[in-house]
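Engineer: Below is the sequence, then the predicted model.
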Amino acid sequence: MSRVASLVRDLCCAVLAAILIATGRVRRAKKKALSRPVVTALYFHKPEAKLFLGCIRWLGRHGYTFISATELSAFLHQQASLPPGAVWLSFDDGCSELLKNVLPVVRRYNIPVTLFIPSGIVQGDGRFPWLREAPSGRHAITVEELQMIAGYPEVTIGSHTVSHADLRCCPEKELARELRESRRMLEAWTGRTVDCLSYPYGFVDERTMQAARTAGYTLAVTTENASITPNANPYLVPRFSVANTISFPEMVCNAVGVWGPAINPLKGLTQMIARPCRTNRPTANRVQRPAV
C-alpha cells in the first residue's frame, strides 16, 4: 500500500471510528462487557508502543481487569468466576518489536499477557515466510530472548505451531508434528508448561481442533470477532484483533468489538463495486494470502 493510500485509509477509518463512538455504539458495547460474565480477548502482532500504551490505559480507566491465560482456562473449563470487564491480551508470531514496544509496558503495569510463538521460525533465521519484503535481520525474537521473556511472571508462552502452517492443509503426520513438536520445543527452552495454542491465520476445522486436543492443549484460539462466553468451546476461543498502526478511536472500537461488524459490510460493498471492473481485465492465477 502506498503512503498516500495508507493515509487516506487511516483518515477514513478514524472518521468512521469517531462516528461509532459518537453514536453510542462503543458505550453500549462496553456496558455489556462490564455487566455480563464474558471475557474480552484482544490480540496483537507488533503494535506501536504509543498505541499499545494507549490501549492499556484506556482499558484500565474504563473498568476492565486484565486476566491471564490460566484464569481464562479456568473460566472455560471449570466455570470459575472472573471480575467484571475481564480482558485477556495475546500476541501472535513473537515479533521482535515486542521487546521494545510491548514488554516494558507489560512489566511496568504488571499486565498478564500470552505470547504465541512459532517455534521453528524462532529457532531458525527468524524470517516470517509470508512477508514479501526482505529487510536485513530477523522478524522474530531469538531463542535466547524467548528464554529471557519466559522468566517474566506476567508472560505465558503458547504455541503458534512450528512453521506457522495452515493446519487444515497438513497431512496427519505433519499436523501432529506441527502441534506436538512446537509444544515440546517451547517447553524445553523455557522450562514452563505450554498448553495453549493459536491456530495460524485463525484457520481451523474439526480435524485440526481434535488434533490440538490430542496434542495436549487445553486452550486454542481463533480470530473470530466475538466475546468469550462461559459456554464457549475452549478449542475455538474468539478474539478481537487490534492492528499495529491505527488511530486511537479505531483502537477503541477494536477493543470493544464494534469495529469488525461496522467495517465488514463496507469491505463487502467495495468488493462488489470492484468486481465488475475486474471482469473486463485479463486475469492470472492468484492465491489470496490470508491475514496473518
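Structural biologist: That came through fine. Numbering: from 1, shown residues only.
Engineer: which ones are touching the residue most central in space within the chain?
Structural biologist: Most central in the chain under Cα atoms, centre = their mean is Y43, positioned 3.0 Å from the mean C-alpha point. Y43 is in contact with 89-92, 198, 221, 223, 239-242, counting by Cβ atoms under 8 Å, 6 or more residues apart in numbering. Yep, even glycine has a C-beta here, placed from its N, CA and C like the rest.
Engineer: what's the closest of those residues to L99?
Structural biologist: Using Cβ to Cβ, F91 is the member of the contacts of Y43 that lies nearest L99, at 11.5 Å.
Engineer: Between the two ends of stretch 40-56, what distance do you get?
Structural biologist: End-to-end distance for stretch 40-56: 13 Å, by Cα to Cα, to the nearest Å.
Engineer: List the buried residues in it.
Structural biologist: Residues of stretch 40-56 classed as buried: 40-47, 51-53, 55-56 (neighbour count, 16 or more other Cβ atoms under 10 Å).
Engineer: quick one: the helices in the stretch 1-150 of the chain?
Structural biologist: 3-22, 25-35, 49-61, 69-77, 98-101, 103-109, 119-123, 143-150 (DSSP state H, counting those that start in this stretch).
Engineer: Would you single out the least confident of these?
Structural biologist: Lowest mean pLDDT within the helices of the stretch 1-150 of the chain: helix 3-22, a mean of 88.
Engineer: List the buried residues of that helix.
Structural biologist: 13, 16-18, 20-21.
Engineer: L59 reaches V105, doesn't it?
Structural biologist: No: with contact defined as Cβ atoms under 8 Å, L59 does not reach V105; the gap is 11.9 Å.
Engineer: Same drill for the two, tell me which one is more crowded.
Structural biologist: Neighbour comparison, L59 and V105: the larger count goes to L59, with 22 against 17 (by other Cβ atoms under 10 Å).
Engineer: how near is that one to P261?
Structural biologist: Distance, L59 to P261, using Cβ to Cβ, to the nearest Å: 20 Å.
Engineer: hmm, back to that, pipe the contacts of Y43 into CSV and attach distance to K173 per row.
Structural biologist: Formatted as CSV, these follow (distance: Cβ to Cβ, whole Å):
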residue, distance to K173
L89, 34
S90, 28
F91, 29
D92, 25
S198, 22
V221, 24
T223, 26
R239, 29
F240, 34
S241, 32
V242, 36
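Engineer: Closest one of those residues to I149?
Structural biologist: Set against I149, the nearest of the contacts of Y43 by Cβ to Cβ is F91 (10.6 Å).
Engineer: and the closest one, how many residues sit next to it?
Structural biologist: 27.
Engineer: E145 versus that one, what's the distance?
Structural biologist: F91 is 14 Å from E145, where distance means Cβ to Cβ.
Engineer: Likewise for L179?
Structural biologist: Remark: distance between L179 and E145 (Cβ to Cβ) = 23 Å.
Engineer: Of the two, give the one with the bigger neighbour count.
Structural biologist: For L179 versus E145, neighbours defined as other Cβ under 10 Å are more numerous around L179 (25 against 18).
Engineer: Next, the contact list for that one, please.
Structural biologist: 159, 161, 167, 197, 211-212, 215, 217.
Engineer: I'd assumed it was in a strand, is it?
Structural biologist: No: looking at L179 with DSSP: H, G, I helix; E, B strand; the rest coil, it is helix, so not inside a strand.
Engineer: Could you find the closest non-adjacent residue to A212?
Structural biologist: Sequence neighbours aside, A220 is the residue nearest to A212 in space, at 4.7 Å (criterion: Cβ to Cβ, 6 or more residues apart in numbering).
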